[in-house]
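Colleague: turn this into a model:
(one chain, ligands or ions: 1)
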Amino acid sequence: MKIAVLAGDGIGPEIVAQAVRVLEALTSDGMKFETEPALLGGCAVDATGKPFPEATRKLVTEADAVLLGAVGGSQYDKLTREQRPEQGLLAIRKELNLFANLRPVVLYSELVNASTLKPEVISGLDILIIRELTGGIYFGEPRGIKWHDDQRVGFNTMIYSESEIRRIAHVAFQVAHKRDQKLCSVDKMNVLECTQLWRDVVTKIAKEYPDVELSHMLVDNAAMQLIRNPKQFDVMVTGNMFGDILSDEASMLTGSIGMLPSASLDDKNKGLYEPIHGSAPDLAGKDVANPLATILSTAMMLRYTFNQEVAAVRIERSVKKVLSQGYRTSDIFQPGMRKVGTTEMGDAVLMNL
Ligand code: NAD
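Modeller: I've put the predicted structure just below:
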């Protein structure tokens with residue numbers, strides 16, 4: 001299993017180091033990982049002038065999976081749009097055709113008080129949000145800002161083809177089939193023709209998955225329902241922009257950005273795995289960042305790209321056990337718990353693994 005490791009910027013190298021230790025520990029189970037580092041984001045700009053250098057492009061194309069820390073930092077804010085670290089992220093998604101972004105939103109019972117919502121609303125929460133990642137309004141043409149009459153107008157294009165909707169819908173139905181067989185498709189069909197097509201195509205594909213119960217919801221209602229009664233959802237599927245917003249909203253139901261992993265997959269389940277948070281420059285170099293989201297991303301890698309469900313569950317159980325033993329990094333710390341740094345948290349996961 002060849003894994004490209006892109007530690008990135010800020011806390012990236014610290015959290016990725018812990019995730020790699022976890023993967024290495026699994027070699028005692030007979031699994032063989034070949035990990036190779038490469039540059040992406042700000043560190044790549046510093047070294048080569050480009051956020052997604054050719055050597056990185058070559059490595060990620062050859063690898064079976066990519067493990068990413070995070071990119072970005074305020075020192076890069078003045079660079080041109082093409083040079084910015086985040087462009088490296090968009091470029092790698094496009095290059096690898098990673099159209100399906102999977103974000104589990106799971107609340108560990110040990111962290112129920114870390115959320116701003118009432119425990120009875122969120123305890124037992126386990127949602128999977130699937131966001132289309134390479135199409136929709138973020139990529140549609142034409143786009144831009146131009147002069148019209150005597151003022152500037154800004155415009156973007158929301159566009160989805162039937163084939164783009166079909167492929168993300170199949171991913172969503174297949175994932176829902178393996179979970180609680182409930183899929184909610186989110187659109188804005190009352191206003192946007194593009195999402196009327198989305199609803200039509202998803203409804204048609206549902207016939208191929210009779211065991212999955214499909215529902216539809218308008219995005220404004222979905223935003224409200226995620227706060228009102230999030231446990232009504234099992235799997236949600238939606239387009240690029242709605243998914244961007246809803247998945248960030250949902251992540252905060254768990255109260256801890258340092259806990260949530262993600263997977264971005266192509267049509268052969270090759271994937272890029274990363275925590276949902278950014279490079280947290282305020283914490284970089286201090287050995288205090290929470291590495292659990294990145295460690296949990298390796299569990300997703302084993303599940304979705306390498307088909308190693310048992311190993312994935314072992315990692316997830318180790319994380320749960322670490323929490324029940326009271327280990328907490330500062331972002332999830334509560335009085336009475338044992339405060340640890342990044343490396344110590346990695347040690348605790350390894351011990352349980
Ligand atoms: P951020 O996610 O880096 O940080 C938000 C807050 O959460 C900060 O207070 C940070 O200290 C905390 N935090 C984040 N990860 C944590 C962890 N593992 N453990 C403990 N606390 C954690 O978002 P931001 O501050 O808005 O952005 C910082 C940089 O990251 C920016 O340059 C931004 O562009 C970039 N960014 C990158 C990605 C990515 O690489 N996928 C995603 C989001 C933001």
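
Colleague: so where is the stretch 1-150 of the chain shaky, pLDDT-wise?
Modeller: Scanning the stretch 1-150 of the chain for pLDDT under 70 picks out nothing.

Colleague: for the ligand, what is the nearest residue in it?
Modeller: Residue nearest to the ligand within the stretch 1-150 of the chain: residue 72 (2.5 Å; Cβ to the nearest ligand atom). In short, each C-beta sits where N, CA and C put it, glycine included.

Colleague: which residues of this structure lie near the ligand?
Modeller: Within the chain, the positions near the ligand by Cβ under 6 Å from any ligand atom are 11, 15, 70-73, 86, 89, 257-258, 274, 277-283, 289-290, 293, 329, 331.

Colleague: just the buried residues from those, in PyMOL please.
Modeller: Listed next is the PyMOL selection for buried residues among the residues of the chain next to the ligand, using 16 or more other Cβ atoms under 10 Å:
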select buried, resi 11+15+70+71+72+73+89+257+258+274+277+278+279+280+281+283+289+290+293+329+331
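
Colleague: looking at the residues of the chain next to the ligand, which are in strands?
Modeller: Per DSSP state E, strands hold the following members of these: 70, 274.

Colleague: residue 323 and the ligand, how far apart?
Modeller: In this view, residue 323 and the ligand are 14 Å apart by Cβ to the nearest ligand atom, to the nearest Å.

Colleague: pretty sure that residue sits against residue 108.
Modeller: Yes. Contact criterion Cβ atoms under 8 Å: residue 323 and residue 108 qualify, at 5.4 Å.

Colleague: in helices, which of the residues of the chain next to the ligand appear?
Modeller: The helices, defined by DSSP state H, take in 15, 86, 89, 293 from those.

Colleague: now the helices for the stretch 201-350 of the chain?
Modeller: 219-228, 240-251, 292-304, 309-324, 342-352 (DSSP state H, counting those that start in this stretch).

Colleague: out of those, nearest to residue 141?
Modeller: When the helices of the stretch 201-350 of the chain are ranked by proximity to residue 141, the top entry is helix 240-251, at 14.2 Å, counting by Cβ to Cβ.

Colleague: wait, a strand at residue 102?
Modeller: Yes. Under DSSP: H, G, I helix; E, B strand; the rest coil, residue 102 falls within a strand.
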